[in-house]
Structures are given as structure tokens and as C-alpha cells.
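J.: Any chance you can model this:
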Amino acid sequence: AGATDEPYLAALEGELPSLFAAVRPQLIFFQAGVDPHASDAFGKLRLSSAGLKRRNALVFSHAREARARVVVTMGGGYPRDLAPDSVAYGHVVQAHMDVYRAAASANRQRQPLTPG
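T.: Presented below is the predicted three-dimensional model:
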């Protein structure tokens, strides 16, 4: 079994500030796959839905602070049970939707970029 929310998020929270400070990105490609979700059949991590939401929030928050634009790409999301009415299927689909909801929310909060 892979990492759960606490160690994963602690590592992310520990690395993102220094990464953003060192790189000072203007454009970020966020591969926001949901394969780290515990309900994913192939992912090696065991994150909860809340953990993935926190990951998304951390990335979008740092991007907003850096005034960087974000391109979101998706990946993963292969539920352990492929029946559309299964709990695992619902978790994975919801995790994909959560990424886009967080992106939309972050975009509404973003300050307009000024030329120059």
C-alpha cells in the first residue's frame, strides 16, 4: 500500500513553496491525475477524496500567489469496480470533477494579468 493523505500532503506542502520560489513559473502544467485515489485500480498511492481536493487546492493556491497560469491535464481514474453504480466508480468520477471545480474556482479568484 502506498502513501496516504498525511505523508503525501506533508511532502507537497514542504516542496511547493521552495519550488515556486526557485522556478517563478508563468505557466504551470498540472497533471492532475486521480490515480493516487485509493479507489483507483492502478495507482500506487492511497489518497482520499479530501486528500486529492487538498492537493488541488495547494497547487492552485501557489499558482495564484505566483500569478501563473495553469494548464490542467488529467490522468488515471481506473476504478477498482467498473460498474457505474459502484462506490469506487463514484469516487473516481467525483475526483475528476473536483479537479475542474477547483480550477474554475481558482480562475474566478485569479487577478487579471497585466501586459509587461
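J.: Assign residue 70 to helix, strand or coil.
T.: Secondary structure, DSSP: H, G, I helix; E, B strand; the rest coil: residue 70 is strand.
J.: mind listing what's buried in the helix or strand bottoming out on mean pLDDT in the chain?
T.: Counting by mean pLDDT, DSSP states H and E, the weakest-scoring helix or strand in the chain turns out to be helix 87-109, with a mean of 93. Across helix 87-109, burial judged by 16 or more other CB atoms under 10 Å covers 88-89, 91-92, 94-96, 98-99, 102-103, 106. The C-beta positions use only the backbone N, C-alpha and C, and glycine is treated the same way.
J.: Can you tell me which of these is nearest residue 47?
T.: If you rank these by distance to residue 47 using CB to CB, residue 95 comes first, at 8.9 Å.
J.: What is the least confident helix or strand of the chain packed up against?
T.: helix 49-66, strand 69-73 (3 or more CB pairs under 8 Å, 6 or more residues apart in numbering; DSSP states H and E).
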